[in-house]
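# I'll drop the sequence and a predicted model, then ask my questions.
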Amino acid sequence: MTRASLEKQPHEVAAMFDDVAAKYDLTNDVLSLGQARLWRKAVAQALDVRPGERVLDLGAGTGTSSLPFVAAGAQVVPCDFSVGMLREGKKRHPTLPLTAGDATRLPFADGVFDAVTISFALRNVHDTDAGLREMLRVTKPGGRVVICEFSSPTFKPFRTVYTEYLMRALPPVATAVSSNPDAYVYLAESIRAWPDQAALASRLQEAGWGKVAWRNLTGGVVALHRAAKIGQ
């Protein structure tokens, strides 16, 4: 299996990410035209971790997304369901406590994290709403979540250009730089099918999160959603 379907069977998606692990970070930098690093900085600023806090970084892949939290003095647990990604991450960052786990059945006790974050991986969770509820379960009362995910550009002419890039330009670029270009066709399709900013905010509220808000990055190509665990 080299390309998962949009039904997102977990074993298919995991196998797909296993396949692209070695070049995944490089490919993302190329395909995002260098924006991926800026988006990671925005996540770190939004989560605003403090020394000693416990942070769960879901969909962490090779662990690159966890490094800013480590630098801030937090105790970070990078978690991903792709063993191939985790294996690659262990080569690069041997001190990170990389952990295998399914976002819909997290291997952690209730209320153990001060903050939870997931970047560009929520749309690959086969049951998004179950994943949002699990994030809430493992977060302490008063804790917070930051979700960084592709979204819907706010300027209609740009939205059209962006969609054309995803479906026409992205596959040949991926062919040049990725070990599995079919995986990036799936990723482009999953971005197009993903809910917009307001719809994801509603799903966060339905999962039990409070103080839900979002802000757009790069004209809405990406959105940062923030929420807090209230009174539990």
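Cool, the structure landed.
# Now the one helix or strand Ala227 maps to - C-alpha only, CSV.
Assigned by DSSP states H and E, Ala227 belongs to strand 222-228. Taking C-alpha atoms only, strand 222-228 is exported to CSV below (Å, rounded to 0.1, in the frame of the first residue of the first chain):
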residue,chain,number,x,y,z
VAL,A,222,-3.2,27.2,7.3
ALA,A,223,-5.2,28.0,10.4
LEU,A,224,-4.2,27.8,14.1
HIS,A,225,-7.1,26.7,16.3
ARG,A,226,-6.7,27.2,20.1
ALA,A,227,-8.9,26.0,22.9
ALA,A,228,-8.9,25.2,26.6
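# ok now that strand, how far from the chain's centre?
Relative to its chain's centre, strand 222-228 lies at 11 Å (Cα atoms, centre = their mean, to the nearest Å).
# contact partners of it?
35, 39, 42-43, 46, 142-151, 197, 200-201, 204, 209-217 (Cβ atoms under 8 Å, 6 or more residues apart in numbering). Placement of C-beta: from N, CA and C, glycine included.
# Select from those every entry located in helices.
Counted as lying in helices by DSSP state H, out of the contacts of strand 222-228, are 35, 39, 42-43, 46, 197, 200-201, 204.
# Tell me the one among those nearest to Gln75.
For these, the closest approach to Gln75 (Cβ to Cβ) belongs to Val43, at 17.5 Å.
# Would you agree Val83 is in contact with Ala100?
Yes - counting by Cβ atoms under 8 Å, Val83 does reach Ala100; the two are 6.1 Å apart.
# quick revisit: now, among the ones in helices among the contacts of strand 222-228, which is nearest to Phe155?
Using Cβ to Cβ, the ones in helices among the contacts of strand 222-228 come closest to Phe155 at Gln197, 13.6 Å.
# which ones are touching the closest one?
151-152, 214, 216, 220, 223, 225.
# on that earlier part again, make CSV from the ones in helices among the contacts of strand 222-228 and add pLDDT and distance to Arg159 to it.
Converted to CSV, those look like this (pLDDT from 0 to 100; distance: Cβ to Cβ, whole Å):
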residue, pLDDT, distance to Arg159
Gln35, 74, 16
Trp39, 87, 18
Ala42, 93, 20
Val43, 94, 23
Ala46, 95, 24
Gln197, 95, 13
Leu200, 96, 17
Ala201, 98, 19
Leu204, 98, 23
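# which residues of the protein score low on pLDDT?
1-34, 158, 164-167, 169-171, 173-184, 232 (pLDDT under 70).
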